[in-house]
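In: Sequence unavailable; structure follows:
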């Protein structure tokens, strides 16, 4: 075994923790196995050259005895030889040379046999195929034949890319037939499990994908590629050692994967429980402090933070994450304090966007607005995201006299997306802080200008919270697959409004929590990047060895 392979085994656990690490390790193990870098060479083994001579003699004997059909001659493409050197005791061969390609069975019609459809062939190396028992007369025509110990390969996309292949075992009376989308090799004096390792290796699969022929969705691996691709042939004793080593390390991958899944299940339960506790009616600041203190225990991936961010936004607009003010907010003009979709603190009130803001549409972009003498920047849908603006590319157009004064954005304006093909994207909202001088907005963005500017950041929090998004989705109109919010619909949005002092505390608290989450996300992303680089460097080192 090479020095780099020893490094792989020493750091197996750590490499497995990289994103997609276990899947990459499985593929790497198969690749190393067929390159002769995973097993050990024994000078006492019969060299593969002599094994190949014995295979040829045995095939000749079986052919003379009528136990092996005469194969088509398959010429090996010398240009397709892998770009790596084999151990001294190995040789390159082909599946056609070490076995019989797509053999046929001869059996009595009333004999039981195994039928194997594609759905019963597994992609995983250590998972056996299933089978159905049928009479041979039912399956001998129109299906692919195979027998006990044959190695089968799915030749059609996407089954080939997914590595559907198997050693046929446990067949009724030792024979079977199955899906026509199979290639079959009946090995002679070669370990069928080693052939299976080869068929599932990146060496074989990745080189086979560009060789596939046919139309999209119906591409197939040609028999010539299956039969004549370079096949690294080790001594028979080493084949068995390789299979045993691969079996051992794949078992370790299984154990690591199961442990990872269990740890993630525990973290998910903890995270769900903690967030549920935060959202409970009698929640106080203690659960919030517990969640923040133990964030690193609940999360291992940056993606884990999305539901926590969402929960924070929801909790603040329900009054469950901030101390309550002792001063009441002023009564709304024409709404009942309790007329809302959920209960809010006693000092809060339900208001509508119309009562809190001036709501207006934007300017429609028409051909006559092509920028000429006095172009003005304008915001489009592509500039407004949930909670942020992307101003890296801002377009311009021409305004008519008086339009700038009417439509110019002012700091504190809320920008709400009117429509989208996805219901989860409608109403996404950001705050304008005067980033660009004399800027207007197109008609697909609705502007909400709070009567009290200090209320804007809190309204923004609500609109981007699950409760706010639910409210906008409830009001949205669907037409031809598009979801839209009119100015009138946005005016109807119900907003749970705390006293102004509490709004300030809520916004400050959310900024604080989001900063904590941002820092944790950066840490998790850095750790992921480090793991990915370590795994990539290890793979590169092993391939170069």
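Out: Now that the structure is in, tell me what you want to look at. The model shown is predicted, which means the values in this text are computed figures rather than measured ones.

In: how close does residue 226 sit to residue 207?
Out: 12 Å (Cβ to Cβ, to the nearest Å). Backbone N, C-alpha and C define where each C-beta goes, glycine included.

In: Tell me which of these two has more neighbours.
Out: residue 226 (25 against 15; other Cβ atoms under 10 Å).

In: residues in contact with that one?
Out: Taking Cβ atoms under 8 Å, 6 or more residues apart in numbering, we find residue 226 in contact with 95, 101, 153, 155, 183, 185.

In: Which pLDDT value belongs to the fourth one?
Out: We have a pLDDT of 95 for residue 155.

In: With adjacent residues omitted, what lies nearest to it?
Out: Counting by Cβ to Cβ, 6 or more residues apart in numbering, residue 221 is the residue found nearest to residue 155 once chain neighbours are left out, at 4.4 Å.

In: quick one: pLDDT of that neighbour?
Out: Value for residue 221, per-residue pLDDT: 94.

In: any idea how far residue 210 is from it?
Out: Computed as Cβ to Cβ, the residue 221 to residue 210 distance reads 11 Å.

In: More neighbours: which of the two?
Out: Ranked by neighbour count (other Cβ under 10 Å), residue 221 and residue 210 place residue 221 first, with 26 against 7.

In: how about the strands of the stretch 51-200 of the chain, start to end?
Out: 91-93, 99-101, 112-116, 132-135, 144-147, 151-154, 165-167, 175-178, 182-187 (DSSP state E, counting those that start in this stretch).

In: between these, which gets nearest to residue 231?
Out: Closest to residue 231 of the strands of the stretch 51-200 of the chain, according to Cβ to Cβ: strand 91-93, at 4.9 Å.

In: What is the least confident helix or strand in this protein?
Out: helix 285-293 (a mean of 59; mean pLDDT, DSSP states H and E).

In: Distance check, residue 304 against residue 357.
Out: Distance from residue 304 to residue 357, by Cβ to Cβ: 35 Å.

In: repeat for residue 170
Out: Plainly put, residue 170 is 72 Å away from residue 357 if you go by Cβ to Cβ.

In: When these two are compared, which one has more neighbours?
Out: More neighbours surround residue 357 than the other of residue 170 and residue 357, with 24 against 12 (other Cβ under 10 Å).

In: quick revisit: residue contacts, the residue nearest to residue 155?
Out: Residue 221 neighbours (Cβ under 8 Å, 6+ apart): 153, 155, 156, 160, 183, 208, 211, 212.

In: pretty sure the first one is touching residue 179, no?
Out: No. In this structure, residue 153 sits apart from residue 179 without contact. The criterion is Cβ atoms under 8 Å, and the distance is 11.4 Å.

In: between those two, who's got more neighbours?
Out: residue 153 (26 against 20).

In: What's the separation between the closest residue to residue 143 other than its chain neighbours and residue 319?
Out: The spatial neighbour of residue 143 that comes closest, neighbours along the chain excluded (Cβ to Cβ, 6+ apart), is residue 177 at 3.9 Å. According to Cβ to Cβ, residue 177 stands 68 Å off from residue 319.

In: So those two - more neighbours on which side?
Out: When residue 177 and residue 319 are compared for neighbours, residue 177 comes out ahead with 26 against 20, by other Cβ under 10 Å.

In: Now that the more buried one has come up, it's in contact with residue 107, right?
Out: No. The pair residue 177 / residue 107 is not scored as a contact, 10.0 Å apart, by Cβ under 8 Å.

In: ok, the residue nearest to residue 143 - contacts?
Out: Counted by Cβ under 8 Å, 6+ apart, residue 177 has contacts 105, 113, 114, 115, 116, 139, 140, 143, 144, 145, 146.

In: which one of those residues is nearest residue 339?
Out: Closest to residue 339, out of all of these and judged by Cβ to Cβ, is residue 116, at 64.2 Å.

In: Tell me the secondary structure of residue 242, please.
Out: In three-state terms, and counting by DSSP: H, G, I helix; E, B strand; the rest coil, residue 242 is helix.

In: ok, which stretches of the stretch 401-545 of the chain are strands?
Out: Using DSSP E, counting those that start in this stretch, strands in the stretch 401-545 of the chain cover 414-417, 419-420, 429-431, 440-441, 445-450, 477-479, 482-484, 494-497.

In: Adjacent strands (with direction) for the fourth one?
Out: Using DSSP bridges, the strands paired with strand 440-441 are strand 376-379 (parallel).

In: circling back to that earlier point, tell me how far the residue nearest to residue 155 lies from residue 524.
Out: Distance from residue 221 to residue 524, by Cβ to Cβ: 40 Å.

In: do residue 173 as well
Out: Taking Cβ to Cβ, one finds residue 173 at 56 Å from residue 524.

In: Kindly report the same for residue 166.
Out: 39 Å.

In: And the two? Which one has more around it.
Out: Using other Cβ under 10 Å, the more surrounded residue of residue 166 and residue 524 is residue 166, with 28 against 18.

In: Now do the same contact list for the closest residue to the more buried one other than its chain neighbours.
Out: Of all residues not flanking residue 166 in the chain, residue 129 sits nearest, at 4.3 Å (Cβ to Cβ, 6+ apart). Counting by Cβ under 8 Å, 6+ apart, residue 129 touches 116, 120, 121, 122, 166, 168, 169.

In: 6 Å instead, please
Out: 116, 120, 121, 166 (Cβ atoms under 6 Å, 6 or more residues apart in numbering).

In: Could you list the low-pLDDT ranges of the stretch 351-500 of the chain?
Out: 367, 371, 420-421, 480-481 (pLDDT under 70).

In: And the helices in it, which stretches?
Out: Taking DSSP state H, counting those that start in this stretch, the helices of the stretch 351-500 of the chain run over residues 353-356, 403-407, 456-463, 466-475, 487-491, 500-544.

In: What residues of the shortest one count as buried?
Out: Same thing as helix 353-356. 353, 354, 355, 356 (16 or more other Cβ atoms under 10 Å).

In: The second one and residue 389, how far apart?
Out: As for residue 354, its distance to residue 389 is 24 Å (criterion: Cβ to Cβ).

In: Touching, residue 450 and residue 460? I think so.
Out: No. Applying Cβ atoms under 6 Å as the test, residue 450 and residue 460 come out as separate, 9.6 Å apart.

In: Can you give me the pLDDT of residue 337?
Out: pLDDT recorded at residue 337 is 46.

In: now the one 3 residues further on
Out: As predicted, residue 340 sits at a pLDDT of 77.

In: how about the nearest residue to it, chain neighbours excluded?
Out: Leaving aside its sequence neighbours, residue 340 sits nearest to residue 350 (Cβ to Cβ, 6+ apart; 4.0 Å).

In: So the one you found: helix, strand or coil?
Out: strand.

In: If it is in a bridge, with which residues?
Out: residue 496.

In: so how far is residue 474 from it?
Out: Going from residue 350 to residue 474 by Cβ to Cβ gives 15 Å.

In: So for those two, which sits in the more crowded spot?
Out: Neighbour count, other Cβ under 10 Å: between residue 350 and residue 474, residue 350 has more, with 19 against 12.

In: Verify the stated contact: that one with residue 495.
Out: No. With contact defined as Cβ under 6 Å, residue 350 does not reach residue 495; the gap is 7.2 Å.

In: what's the neighbour count on the closest residue to residue 219 other than its chain neighbours?
Out: Distances taken as Cβ to Cβ, 6+ apart place residue 212 nearest to residue 219, at 4.1 Å, with adjacent residues excluded. Counted by other Cβ under 10 Å, the residues lying close to residue 212 total 17.

In: what's the answer for the one 5 residues further on, then?
Out: Close neighbours of residue 217, defined as other Cβ under 10 Å, add up to 8.

In: confidence score at the nearest residue to residue 319 once chain neighbours are set aside?
Out: Nearest residue to residue 319, sequence neighbours excluded (Cβ to Cβ, 6+ apart): residue 345, at 4.0 Å. In this prediction, residue 345 carries a pLDDT score of 85.
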